[in-house]
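**Q** prediction below, plus the sequence it came from.
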Amino acid sequence: MSLEKTRNIGISAHIDSGKTTLTERILFYTGRIHAIHEVRGKDGVGATMDHMELEREKGITITSAATYAQWGDHEINIIDTPGHVDFTIEVERSLRVLDGAILVLCGVAGVQSQSITVDRQMRRYNVPRLAFINKLDRQGANPYRVIEALRDKLKLNAVAAQMPIGLEDNLKGVVDLVKMKSYVFTGDNGETITEGEIPDDMIEEAKQRRADLIAAVADVDDTVGEKFLMDEEPTEEELIAGIRKGVIDLNLCPVFMGSAFKNKGVQKLLDAVCAYLPNPTQVTNIGLDQNNDEAEVKMDPSDPSKPFVGLAFKLDDGRYGQLTYVRIYQGVVKKGDFIYNISNGRKKIKVPRLVRMHSNDMEDIEEAKAGDIVAMFGVDCASGDTFTDGSVDITMTSMHVPNAVISLAISPKERSATTNFSKALQKFMKEDPTFRVHRDEESGETIISGMGELHLEVYVERMKREFKVDVITGKPQVAFRESLSTSTNYDYTHKKQTGGSGQFAKVMGKIEPLPEDSEEVFVFENKIVGGKIPKEYIPAVEKGFKEQFEKGILIGYPMIGVKVSLEDGQFHDVDSSEMAFRIAAMAACREFAKKCNPVALEPIMKVEVSLPEEFQGGGMGMLNQRRGIIQGTTTQEGYAVIEAEVPLTEMFGFSTDLRSATQGKGEFSMEFAKYSRVPSNIQEELVKKYEEKKAEENK
C-alpha cells in the first residue's frame, strides 16, 4: 500500500459523544467486523474497541485502542480514545502519533468542556481535524448551532460540508455540498446508500451553504480564491483540493453530519477522511539528534532506505507479555531485526514478533514501514521511548504529561499478595505516565496518585481483576502545593568540626516567587563570579534547595513557582565538599523560605454541570456551597449547563449529591484548571495538622 493511500487518524470527543459507537460503524462498513455491538448493548458483548471487561461494565472507554481498516484503496489506522478527563494521557499519546483526527460532537450538547480540552490537545501537536456532528437523530439536535459554537468557543474556521436531510426522528441522510448530491442511508445497518438529486425544498438552502463553503475555501486556497474573485464556479476537483489544503494547513475545519447509532452518514465521513486528511508524507515530524546538541531533524517517510526511527507511544501488558505500540516515522523494521532504544542508553533489542492490532486481536506481519502503527512483543521499554536501527541517535519529542491532582494510600489486604501488588503497580506505572506511585517515608504507606477519583478507582479495580489482589484504600488526598508570596535574601554558613576533616560551606543569595503565570516549578540561577564557590559544588547547592522545596516548608507538600539565585559564598580547601554545600543549601532553605510568607495552594477544577433547567438554581447552590465560583451558565432545549471553578477538596461525593438532587438526570465533568491560594482558615488547619504529624513522628 503506498504512503499516499495511508491515513493515521484518531477519534476524540467529550465523554458520551459517540466516539466508540462511530468506530464500531467504521469497522463494520470496512468489513473488519460482521456484526455491530453497542457500547451498552443488551447482547452483553460490548463494542469491539472497548475490549476491557471494565470498559464494558462502565460503558466508557478507558484505554485507547488501535485498529486498521481498508476503505476503497485506502488503508486507515484508527485509534479510539477515551473522552473522560481522568484518562487524558491516552488522548495525549494518541494525538502525539497521529496525522489527523475526527472531532466528534453531540448534535444537541455541541461543544462541551472535554471538546475544548481535546481541541487544545490537537493544537498542541498540530493535528489537522474534521468535525463530525453526531446524534442528529436526537430531540433538539441542531447542527448549525454546533457549527456556531465551533467558531465561537474553539475559534475554528468551521464550515458545513454537508446538510442533514431531516432531523431527529426524520433523519434520512445528508446532502454533499461539494458534489451537490443527496445520499440516503437505508437497510438494517445503513449499508444501502442511494445517491440522488437534492430534494426540491432544500435546493435553495444547499446553494447558499455551498456558496458559504466556497467562500471559506477561497480564503485558504489560491486556486479557488481566484475563481471566487472572478465569480466563476470552481470544479469539484479544485474544491476538494482546496478543502484538503485548508485542513492540512490547519486553516479550515469542514463539518460532516449524521448519526452513528442510527447508521447514517458514516460512509461519507470515511470518504472525507480519505479525501481531506493528510497522508504521512504531508505531516512534518521532527526528531532531535542526540549527537548534535539536539538539533532538529525532519523525518522522511517517503524513502525506505533512510534509517529506521519509531516511537513507543503506548504499552499494554496482555496475556502474552508486554505489547509495545509503535508509530514508525522513517525507514523499515523487519521481524528479527536488532533495534536500539535511544531513550534508554542505546539498549540493543531484537524484534521477536511484529503484529498489526485490531482492538485486542492481532495479525502477524513480517515487516512494517514508515507511516505504519504496529505493535511489538517482548520489547522492554517505557512509554515515550524512541527506537532506531542504531545508525542514528535520534529521539522523537516526548508528549505532554499533566501533573497528578489526587492521591490515595493503598495496601494489600493479605500479606501473601504483596508480590502481586508490587507487580501491578510496576505494570500500571509503565503503561500510564500519569499514574504515579511513591512511598511516604514517614508513615511507610504506599501512595498512588492520578488524574481523578475515577482514574484511581479503575486501577484499584484492575488490581482485583488482573492480579487477584484485594486492597485497602485510605481516604483520597488532594495534592496540595506550597508557594512563596514575598522574597528575601539568605546568608547561611554550615560548619561542623569532627575528628579529622570537618564540613564547611557558605551560601548567599536570594529566594523569590516566580511570576504567577509562570509554569516553572523551580528555577536556579548561578550568579557566582570569580570562583567564590568552585564550579563543581554549584550543582550540589541547586540539588539541596530543590530537595528541600520538594519536601515543603509550611504543610509538607512540594513548593512550586520558586526562584533561587546563588550570588556569593565561601569554601574551604579541605573541609568543603559537595555534601557540605548540599546541607548548607537545605538548611538555608528551611530557615529563610519561612521569611517569604509561604502560602498553601490547592488544585482548582474546571467543572461543567449539565442538568434539567428546573434544577438549575439547586445546582448553582450546590457549587456555591463547595466554594465554587460560577463562570457562566447557558440553557438550551430545556437543559442548563453551569460552568464553574471549584476546589478539588470540595468535589468528593459531588456525583452522588448531584444525582439525588436532580432525580438522576444531572451529570458533570471536571478537569484540572490551576493552583490557587487556600483561604486562611483552611491554611491554618493544614499547618496545624502538619505540625501535629511532625510532633508525633519526633516522639
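**A** On my side now, so go ahead. On a predicted model such as this, the values are computed, not experimentally measured, just so you know.
**Q** so what's residue 523 closest to, chain neighbours aside?
**A** Leaving aside its chain neighbours, residue 523 sits nearest to residue 563 (4.4 Å; criterion: Cβ to Cβ, 6 or more residues apart in numbering). Glycine gets a C-beta too; all of them are placed from N, C-alpha and C.
**Q** kindly report the same for residue 485.
**A** Residue 485 sits nearest to residue 597 (Cβ to Cβ, 6+ apart), 4.4 Å away.
**Q** just list the residues touching that neighbour, thanks.
**A** Residue 597 is in contact with 484-486, counting by Cβ atoms under 8 Å, 6 or more residues apart in numbering.
**Q** relative to residue 482, how far out is it?
**A** Separation of residue 597 from residue 482 (Cβ to Cβ, to the nearest Å) stands at 11 Å.
**Q** equivalent analysis for residue 94, please.
**A** If you go by Cβ to Cβ, the gap between residue 94 and residue 482 works out to 34 Å.
**Q** more neighbours: which of these two?
**A** Set side by side, residue 94 and residue 482 show more neighbours around residue 94, with 31 against 24, by other Cβ atoms under 10 Å.
**Q** confidence score at the more buried one?
**A** Residue 94 is assigned 71 on the pLDDT scale.
**Q** now do the one 3 residues further on
**A** pLDDT recorded at residue 97 is 80.
**Q** equivalent analysis for the one 5 residues further on, please.
**A** At residue 102 the predicted local distance difference test score is 88.
**Q** what's the helix or strand for it?
**A** strand 100-106 (DSSP states H and E).
**Q** show me what contacts the closest residue to residue 624 other than its chain neighbours?
**A** Leaving aside its chain neighbours, residue 624 sits nearest to residue 630 (7.4 Å; criterion: Cβ to Cβ, 6+ apart). By Cβ under 8 Å, 6+ apart, the contact list for residue 630 reads 620, 623-624, 642-644.
**Q** so which other helices or strands are in contact with the helix of greatest length in the chain?
**A** Ordering each helix of the chain by length in residues (DSSP state H) puts helix 680-698 first. In terms of contacts (3 or more Cβ pairs under 8 Å, 6 or more residues apart in numbering; DSSP states H and E), helix 680-698 is packed against strand 598-612.
**Q** which parts of the helix or strand just after the strand it packs on are buried?
**A** Moving toward the C-terminus from strand 598-612, the next helix or strand (DSSP H and E) is helix 616-625. By neighbour count on 16 or more other Cβ atoms under 10 Å, the buried set for helix 616-625 is 616, 619-620, 622-623.
**Q** figure out how far helix 616-625 is from the centre of its chain.
**A** Relative to the centre of its chain, helix 616-625 is centred 30 Å away, using Cα atoms, centre = their mean, to the nearest Å.
**Q** same check, this time on stretch 393-409
**A** 10 Å.
**Q** so what does the strand holding residue 102 touch, helix or strand wise?
**A** Using 3+ Cβ pairs under 8 Å, 6+ apart: strand 100-106 touches strand 6-13, helix 19-29, helix 113-124, strand 129-134, helix 143-154, helix 266-276.
**Q** so which of the ones you listed is nearest residue 665?
**A** helix 113-124 (18.1 Å; Cβ to Cβ).
**Q** secondary structure element holding the closest residue in space to residue 238 that isn't next to it in sequence?
**A** Spatial nearest neighbour of residue 238, excluding adjacent residues (Cβ to Cβ, 6+ apart): residue 223 at 5.4 Å. Secondary structure assignment for residue 223, by DSSP H and E: helix 222-229.
**Q** again, but for residue 475
**A** Applying DSSP H and E, one finds residue 475 in no helix or strand.
**Q** count the residues that sit near it.
**A** Neighbours of residue 475 (other Cβ under 10 Å): 7.
**Q** return the residues in contact with it.
**A** Counted by Cβ under 8 Å, 6+ apart, residue 475 has contacts residue 409.
**Q** switch the cut-off to 7 Å
**A** For residue 475, no residue meets the contact criterion (Cβ atoms under 7 Å, 6 or more residues apart in numbering).
**Q** and it, what's its pLDDT?
**A** pLDDT at residue 475 comes out at 75.
**Q** can you report phi and psi for it?
**A** With angles defined as degrees, to the nearest 10, residue 475 sits at phi -80, psi 140.
**Q** next, show the common contact partners of residue 597 and residue 482.
**A** Contacts common to residue 597 and residue 482, judged by Cβ under 7 Å, 6+ apart, are absent.
**Q** before we move on, the earlier item: now the residue nearest to residue 485: how far from residue 612?
**A** Distance from residue 597 to residue 612, by Cβ to Cβ: 46 Å.
**Q** and if you look at residue 117?
**A** To residue 612, residue 117 is 25 Å away according to Cβ to Cβ.
**Q** now swap in residue 696 and tell me
**A** To residue 612, residue 696 is 49 Å away according to Cβ to Cβ.
**Q** for residue 524, same thing?
**A** In terms of Cβ to Cβ, residue 524 sits 53 Å off from residue 612.
**Q** quick one: which of the two has more around it?
**A** A direct count of neighbours by other Cβ under 10 Å for residue 524 and residue 612 places residue 524 higher, at 18 against 14.
**Q** in what helix or strand does that one lie?
**A** Counting by DSSP H and E, the element that carries residue 524 is strand 522-526.
**Q** can you give me the buried ones in that strand?
**A** Residues 522, 524, 526 are the ones in strand 522-526 that count as buried (16+ other Cβ under 10 Å).
**Q** closest one of the residues you listed to residue 163?
**A** Residue 163 lies nearest to residue 522 out of the buried residues of strand 522-526, by Cβ to Cβ, at 54.4 Å.
**Q** partner residues bridging that closest one?
**A** Assessed by DSSP bridges, residue 522 has beta-bridge partners residue 562.
**Q** can you give me the helices in the stretch 351-500 of the chain?
**A** Using DSSP state H, counting those that start in this stretch, the helices of the stretch 351-500 of the chain run over 418-431, 453-467.
**Q** repeat that for the stretch 501-650 of the chain.
**A** Using DSSP H, counting those that start in this stretch, helices in the stretch 501-650 of the chain cover 538-551, 578-593, 616-625.
**Q** any idea which of the ones you listed is most buried?
**A** helix 578-593 (a mean of 21; mean count of other Cβ atoms under 10 Å).
**Q** residues in contact with it: which ones?
**A** Helix 578-593 is contacted from outside by 484, 488, 490, 492, 494, 503-507, 511, 537, 540-541, 543-545, 547-549, 553, using Cβ under 7 Å, 6+ apart.
**Q** which secondary structure element of the chain has the lowest mean pLDDT?
**A** Lowest by mean pLDDT, DSSP states H and E among the helices and strands of the chain is helix 53-58, with a mean of 48.
**Q** so what are the sheet partners of the next helix or strand after that helix and their directions?
**A** Using DSSP H and E, the helix or strand that directly follows helix 53-58 along the chain is strand 65-71. The partner list of strand 65-71 in its sheet, established with DSSP bridges, is strand 74-80 (antiparallel).
**Q** now do the partner strand against strand 6-13, angle only.
**A** 30 degrees (axes from the mean of the first three to the mean of the last three Cα atoms, to 10 degrees).
**Q** got the angle for strand 74-80 vs helix 19-29?
**A** Here the directions of strand 74-80 and helix 19-29 differ by 150 degrees (the same axes, to 10 degrees).
**Q** how about strand 74-80 as PDB, C-alpha atoms only?
**A** Output of strand 74-80 as PDB, limited to C-alpha atoms (Å, rounded to 0.1, in the frame of the first residue of the first chain):
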ATOM      1  CA  HIS A  74      -7.000   3.500   1.300                       C
ATOM      2  CA  GLU A  75      -5.600   1.900   4.500                       C
ATOM      3  CA  ILE A  76      -6.800   3.600   7.700                       C
ATOM      4  CA  ASN A  77      -5.100   3.200  11.100                       C
ATOM      5  CA  ILE A  78      -7.600   4.200  13.700                       C
ATOM      6  CA  ILE A  79      -7.200   5.000  17.400                       C
ATOM      7  CA  ASP A  80     -10.300   5.300  19.500                       C
END
